[in-house]
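[1] Just to be clear, the model below is a prediction. Sequence and coordinates:
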Amino acid sequence: MPEHFDLTDPDVILFDIADSEWHFTIKGALQLAERYPDALLICSHWGTVDAPDFTPFNGDPEIIKAQIKNPERLIVLIPGEPFILSKSKK
């Protein structure tokens, strides 16, 4: 959606990496990552549902990581793992 590309520079994005027409797709995820090159990206829609052949829940963080600028900002959490956002020093 166009609204995703019109945000005031977010610190963190819950980042949809599912390669599915029901989600952003890899192309859409890469476009979003490029639009906000300083935002931390917390992967969503991967490994959270036991449905190995159902692509909406099986995005591969490594595919995205290999293609984005500043790949260290891609955060891969296991389901239930906490994430604490610290104050930015911008």
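    Nice, thanks for sending it over.

[2] sec struct for the residue minimising distance to the centre of the chain, please.
    Central residue of the chain (CA atoms, centre = their mean): Phe15, 2.4 Å from the mean position. Secondary structure for Phe15, judged by DSSP: H, G, I helix; E, B strand; the rest coil, is strand.

[3] Is it in contact with Ala33, as I believe?
    Yes - with contacts counted by CB atoms under 8 Å, Phe15 reaches Ala33, the gap being 7.3 Å. (C-beta placed from N, C-alpha, C; glycine too.)

[4] okay, and the common contacts of these two?
    41, 64 (CB atoms under 8 Å, 6 or more residues apart in numbering).

[5] sorry, back to before: and the closest residue to the residue nearest to the centre of the chain other than its chain neighbours, bridged to which residues?
    What sits nearest to Phe15 in space, not counting adjacent residues and going by CB to CB, 6 or more residues apart in numbering, is Leu41, at 4.0 Å. Counting by DSSP bridges, Leu41 is bridged to Ile13, Leu74.

[6] helices and strands around the helix ranked longest in the chain, which ones?
    Once the chain is assigned using DSSP state H, the helix that runs over the most residues is helix 25-35. Applying 3 or more CB pairs under 8 Å, 6 or more residues apart in numbering; DSSP states H and E, one finds that helix 25-35 makes contact with strand 12-16, helix 61-65.

[7] just those: most buried one?
    strand 12-16 (a mean of 19; mean count of other CB atoms under 10 Å).

[8] And Glu34, how far from Pro2?
    15 Å (CB to CB, to the nearest Å).

[9] Those two - which one has more neighbours?
    Ranked by neighbour count (other CB atoms under 10 Å), Glu34 and Pro2 place Glu34 first, with 12 against 5.

[10] ok, now which ones touch the more buried one?
    68-69.

[11] Trp25 is in contact with Gln31, isn't it?
    Trp isn't right for residue 25; it's Thr. No - using CB under 8 Å, Thr25 is not in contact with Gln31; the gap is 9.4 Å.
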